[in-house]
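**Student:** fold the stuff below for me.
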Amino acid sequence: NQAAAVLAAAETEIRAAVHDLNRAWVDGDIGRHVGHYASRVDYYNSRRLPRSGVRRDRTRDLRRYEEFRQIDVGDVRVEFLAPDRARALAQKSWVFRGDGRTRQGQGTQEYVFKRDEDDGRWYVVSEQLLSTSETRTPGAADEG
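**Tutor:** Okay, the predicted model is just below:
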């Protein structure tokens, strides 16, 4: 069935995008990381944040956690909301260190993807943590 094959291919592309956008951030490849986002994104508590805002926030975090960054992405479930829109729920754990700070946790992250009409690729249009268990230790800049 051709429709099933198209959905299976889209699901594979979306799962790969979730893994790659996380891997790119860990690797410090901000261009590749931000390339997975649409031109505007509902990004955590920001509505319709421009891609440049995502780049700014993610670059700030790269600098904050220069010493060590690790993200492990486990199960990624994909649910199609429409033929050109999908929700991906990723089970993640993370450890970040830098400037005396440590941040570690685990949780479920939701990404909503939309297929671009022009190039046919899937881009993140919404991202948020749905559940999290996280600990943070303050750095030298946070004290005093």
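
**Student:** biggest helix in this protein, by residue count?
**Tutor:** helix 2-27 (DSSP state H).

**Student:** could you identify the helix or strand that succeeds it?
**Tutor:** helix 30-34 (DSSP states H and E).

**Student:** so where do the strands sit in the chain?
**Tutor:** Along the chain, counting by DSSP state E, strands occupy 37-43, 46-50, 68-82, 85-98, 101-115, 122-137.

**Student:** let's have the ones you listed in CSV, adding mean pLDDT, mean neighbour count and distance to residue 29.
**Tutor:** Glycine gets a C-beta too; all of them are placed from N, C-alpha and C. As requested, these are exported to CSV (pLDDT from 0 to 100; neighbours: other C-beta atoms under 10 Å; distance: least, C-beta to C-beta, whole Å):
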stretch, mean pLDDT, mean neighbour count, distance to residue 29
strand 37-43, 97, 18, 14
strand 46-50, 94, 13, 20
strand 68-82, 97, 14, 12
strand 85-98, 97, 18, 16
strand 101-115, 97, 18, 18
strand 122-137, 95, 14, 16
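
**Student:** including distance to residue 57, could these go into CSV?
**Tutor:** Shown next, in CSV, are these (distance: least, C-beta to C-beta, whole Å):
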stretch, distance to residue 57
strand 37-43, 8
strand 46-50, 8
strand 68-82, 15
strand 85-98, 14
strand 101-115, 14
strand 122-137, 11
